[in-house]
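>>> Could you look at this predicted model? Sequence included:
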Amino acid sequence: MKILPALLALPFLSLGLSSLDAAERNVIFIITDDESPTLGCYGDPVAKTPAIDAIAADGTVFLNAYATTASCAASRSVVMSGLHNHRNGQYGHQHAYHKFESWKTVVSLSLPRVMAGAGYRTGQIGKFHVGPEQVYRFENYLKADGRNPVAMAETSRDFITADDEKPFFLYFATSDPHRGGGKDETSQRELKPDLFGNKPNRQSFPGVEEVFYDPANVPIPHFLTDSPETREELAQYYQSLSRVDQGVARLVEILKEADLYEKTMIVFTSDHGMAFAGGKTTVYEGGLKVPFVVRNPYEKKRGVKSEALISHIDITPSLLDFAGGLNREANRPKNFVPAKDFWKDFPEIAMDNLGPNLNDYHGKSWLSILGDPAAEHWETLHASHTFHEIQMYYPMRVVRDQKYKLIWNIAHGLPYPFASDLWAASSFQAQFRQSLDAPYGQKSVGEYINRPAFELYDIAKDPYEANNLAGDPGFTEVLREYQEKMKAFQKEMDDPWIMKWEYE
C-alpha cells in the first residue's frame, strides 16, 4: 500500500524532469505591423497593454529605438538581415507586382538561417513579407489568423513545447494594428474610420476580449491633427494593439505552463510607426520610432529604461549573440557560410548574379547593455527609404544623432506619394479636403505633400520636427557637416543613390 503513492508520483516526476531538461536560451521575437510606442510602459495614458507592460517591468525598455525605413517589407528585410535595405537590395514591397526582394548573398546573414546554424529549431507564424523565401527560410511555418494574436499563440503552443533538446526560435508577426477590414459604418461622420483589422459592430475574434476605446480620450500624436476623424481612427488603432497584447499574454501563459518562461528571451517591437500620414512611409520620428522591449531571463538587472540609440539593424546580431552564434570580432555568424558555397548546390541559380559581397552585419549586438540604463549604443543612426508600393518612388536618406537630424528628400521635385490606404484615411482626407493651407500635424497639408530638398532639425530642442533649419544661414555649417556625414555613410554602404549628389 505504501508503494502505490510512489508509483502514482512517477508520471509527475517524469514531467518535472522533462521541464528541467528543456532547452535553455529560447527566443520569441514578436514584431507587430505599423505600431508606434503607444504602450503603457512608454507612458501612454490610455493604452491597455498589461502583458507587454509586465514584460517591460521585468526587462529593458529602449526609449530611443528606430526602424531604418517605415515601409513594411523593406523594414522586415532589415530586421531579418542586420543590413540596411539599400544594401540588402529589398527597396520596397515583396508581394504581387511590387516584386522587390533581397540579394541572394543575404543568405549568409539572414536571421532564420543563422539561428538554425547556431543549433536552433526555427518557426515562423504570421506576416512574412520578405524574399526570396530560400534566403529567409524557416524550418517550420505555422498558420493562423494574423488578426487574432491569441489564436496565433495557441497555434504556436506545440512548437514552443516540443520535446526537443534544441532551443527554439519563434518569429511571431501579427497583422495588427495595420489598417484593413473596411470602414466602421457605425460612424456618424461622412469620412468613416478604418477598422484597423477590428471586426465591425464591436464583434470579437474567438478567444479575444476586445478592448474598446472612447475617441474623446485618445491622445493625439504630434504628427497628427486633433480632429474628430483622427480621434475615431485612433480609437480603432488602439483596439487593435490591445488585441496584440492579449496574444502576448497567451504566449507568456504557454511559456509559464511549460516551465520555459525563465529560459526564453522575449523581444517585442514593430516594423515601423503607426499607419497614419506623418507616420508610416515617412522618415519623420512618427514613422521611424518604434517600441522595443526585451526581457532576458538571464540578465540580473531588470526594470531598466534605456536612453541608448538602437536600430533595427541590431536585431539579427543581437539575437544571434544571445544564441551564442555571433563571432563578435568579425560581427558575423561563427558558422559563416559564404553565399557562393551555399548556392553552388542550386544549379538553377545564376552564380554571377547573387548580389554584392556581404560578410558582416551593419548592426551590433545590444545584449551586453540590457541591464545598464546609462549605457550608450550608437552615436549616430542612419535611415533610408526608397519605395513603399512600386508606384511610390520617393528616395530619402537620414542621418541623426542626439543633437541634429538631417533628411535628404532626393526626389523633392515630386509631390510626396501616398500609400493607397493612407491617402484614403479619414484622418488625412478631413484636412486635405479643406485646403493645402489646412494644418496637418506640425505642418500644413501643402508642406506635407511638397517637401524641400533638405530638412534639418535640432532634434534635441525640436523633437516634433516643427522647425526646418536647412535654410537658416545660422545653421549653414551644421547643414554642411551633416551632409558630409550622410555622403560618407552612403559611400561606405555602396548606396546606389549617392550619385544623386552629382546630378539632379
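Nice, thanks for sending it over. Numbering: from 1, shown residues only.

>>> going forward, measure contacts and count neighbours with C-alpha atoms only.
OK.

>>> what's residue 23 sitting at in phi/psi?
phi -60, psi 140 (degrees, to the nearest 10).

>>> Ignoring the adjacent residues along the chain, who's closest to it?
Nearest residue to residue 23, sequence neighbours excluded (C-alpha to C-alpha, 6 or more residues apart in numbering): residue 167, at 4.9 Å.

>>> right, and that neighbour touches residue 25 too?
Yes: here residue 167 reaches residue 25: they are 6.4 Å apart, a contact under C-alpha atoms under 8 Å.

>>> Which residues are in contact with the closest residue to residue 292 other than its chain neighbours?
Once flanking residues are discounted, residue 292 sits nearest to residue 269: 4.7 Å by C-alpha to C-alpha, 6+ apart. Listed by C-alpha atoms under 8 Å, 6 or more residues apart in numbering, the contact partners of residue 269 are 30-32, 290-293.

>>> Give me the phi and psi angles of residue 269.
phi -150, psi -170.

>>> and if you look at residue 477?
phi -70, psi -40.

>>> and it, how many neighbours does it have?
If you count neighbours by other C-alpha atoms under 10 Å, residue 477 ends up with 10.

>>> could I get the helix or strand hosting residue 74 in CSV with only the CA atoms?
Per DSSP states H and E, residue 74 falls inside helix 72-79. Below are the C-alpha coordinates for helix 72-79, written out as CSV (Å, rounded to 0.1, in the frame of the first residue of the first chain):
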residue,chain,number,x,y,z
CYS,A,72,6.7,47.0,-44.1
ALA,A,73,8.6,44.7,-46.4
ALA,A,74,11.7,46.9,-46.7
SER,A,75,11.8,47.2,-42.9
ARG,A,76,11.4,43.5,-42.3
SER,A,77,14.3,42.8,-44.7
VAL,A,78,16.4,44.9,-42.3
VAL,A,79,15.1,43.2,-39.2
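
>>> Just give me how far it sits from the chain centre.
With C-alpha atoms, centre = their mean, to the nearest Å as the basis, helix 72-79 stands 8 Å off its chain's centre.

>>> How about stretch 214-228?
23 Å.

>>> repeat for stretch 76-89
Distance, centroid of stretch 76-89 to centroid of chain: 12 Å (C-alpha atoms, centre = their mean).

>>> swap in stretch 379-393?
That offset, for stretch 379-393, works out to 14 Å (C-alpha atoms, centre = their mean).

>>> Only the buried residues of it, if you could.
381-390, 392-393 (16 or more other C-alpha atoms under 10 Å).

>>> In strands, which of the residues you listed appear?
381-385 (DSSP state E).

>>> the longest helix in this protein is where?
Identified as the longest helix of the chain according to DSSP state H is helix 228-257.

>>> Can you give me the buried ones in that one?
228-252, 254-255.

>>> For residue 27, give me phi and psi.
phi -140, psi 130.

>>> Quick check, it in contact with residue 170.
Yes: Residue 27 lies in contact with residue 170 (C-alpha under 8 Å); the separation is 6.3 Å.

>>> which residues do these two both contact?
Joint contacts of residue 27 and residue 170 (C-alpha under 8 Å, 6+ apart) do not exist.

>>> Now distance to residue 415 and pLDDT too, for the ones in strands among the buried residues of stretch 379-393, in TSV please.
As requested, those are exported to TSV (distance: C-alpha to C-alpha, whole Å; pLDDT from 0 to 100):
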residue	distance to residue 415	pLDDT
381	26	98
382	24	98
383	21	97
384	18	93
385	16	93
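
>>> Looking at those, which is nearest residue 130?
residue 385 (15.9 Å; C-alpha to C-alpha).

>>> List the contacts of that closest one.
Residues counted as contacts of residue 385 (C-alpha under 8 Å, 6+ apart) are 68-71, 91, 281-283, 394-397.

>>> Check the residues you listed against residue 84 and report the nearest one.
residue 68 (7.1 Å).

>>> my guess is that closest one meets residue 382, correct?
Yes: the pair residue 68 and residue 382 qualifies as a contact (C-alpha under 8 Å) at a distance of 6.7 Å.

>>> shaky segments in this structure?
Under the criterion pLDDT under 70, the flagged ranges of the chain are 1-21.

>>> Are we agreed that residue 125 is in a helix?
No: going by DSSP: H, G, I helix; E, B strand; the rest coil, the assignment for residue 125 is strand, not a helix.

>>> That one touches residue 143, doesn't it?
Yes: with contacts counted by C-alpha under 8 Å, residue 125 reaches residue 143, the gap being 6.1 Å.

>>> These two: who's more crowded?
Each of residue 125 and residue 143 had its neighbours counted (other C-alpha under 10 Å), and the higher figure belongs to residue 125 (22 against 14).

>>> Name whatever forms a beta bridge with the more buried one.
residue 142, residue 172 (DSSP bridges).

>>> list the contacts for it?
141-144, 152, 156, 170-173.
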